[in-house]
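**Q** Got a predicted model here, sequence first, then my questions.
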Amino acid sequence: MKAKVYITLKKGVLDPQGKAVMGALGTMGYREVKDVRVGKFMEIEVDSPSRQKAEERLKEMCEKLLANTVIEDYRFEILP
């Protein structure tokens, strides 16, 4: 199974990288951009006996390593 994992900063957490990207876009003439939040995206191939077990393991991976749950939210989707 393939999983797509999305990690983003929680609302209220400052995103200096997003602000830098937004500033650069504005400088390039894209003045319609009002906000940018930068996150992480991962594709993970999982060998699991069931979808439920894959979800449990992915949750563990996110909480133990992939996301800093103090300042980041995560979500994932499993593709067939």
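**A** Cool, the structure landed. What you see is a predicted model; the values in this text were computed from it and never measured. Numbering: from 1, shown residues only.
**Q** Can you show me the helices along the protein?
**A** Taking DSSP state H as the test, the helices found in the chain are 16-27, 51-61.
**Q** in the shortest one, what's buried?
**A** Neighbour counts over helix 51-61 (16 or more other Cβ atoms under 10 Å) mark 54-55, 58, 61 as buried. No exception for glycine: its C-beta is placed from N, CA and C like everyone else's.
**Q** wait, which of those residues is closest to residue 32?
**A** residue 58 (35.8 Å; Cβ to Cβ).
**Q** For this protein, which segments are assigned as strands?
**A** 2-9, 40-45, 72-79 (DSSP state E).
**Q** before we move on, the earlier item: adding distance to residue 40 and mean pLDDT as columns, could you present the helices of the chain in TSV?
**A** TSV is the format used below for these (distance: least, Cβ to Cβ, whole Å; pLDDT from 0 to 100):
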stretch	distance to residue 40	mean pLDDT
helix 16-27	11	97
helix 51-61	13	98
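**Q** Same list (the ones you listed) but as TSV, adding distance to residue 34.
**A** As requested, the helices of the chain are exported to TSV (distance: least, Cβ to Cβ, whole Å):
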stretch	distance to residue 34
helix 16-27	8
helix 51-61	33
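**Q** closest one to residue 76 among the ones you listed?
**A** Between residue 76 and the helices of the chain, the shortest gap by Cβ to Cβ is with helix 51-61, which sits at 5.2 Å.
**Q** contact partners of that closest one?
**A** 1, 3, 5, 44, 46, 48, 76, 78 (Cβ atoms under 8 Å, 6 or more residues apart in numbering).
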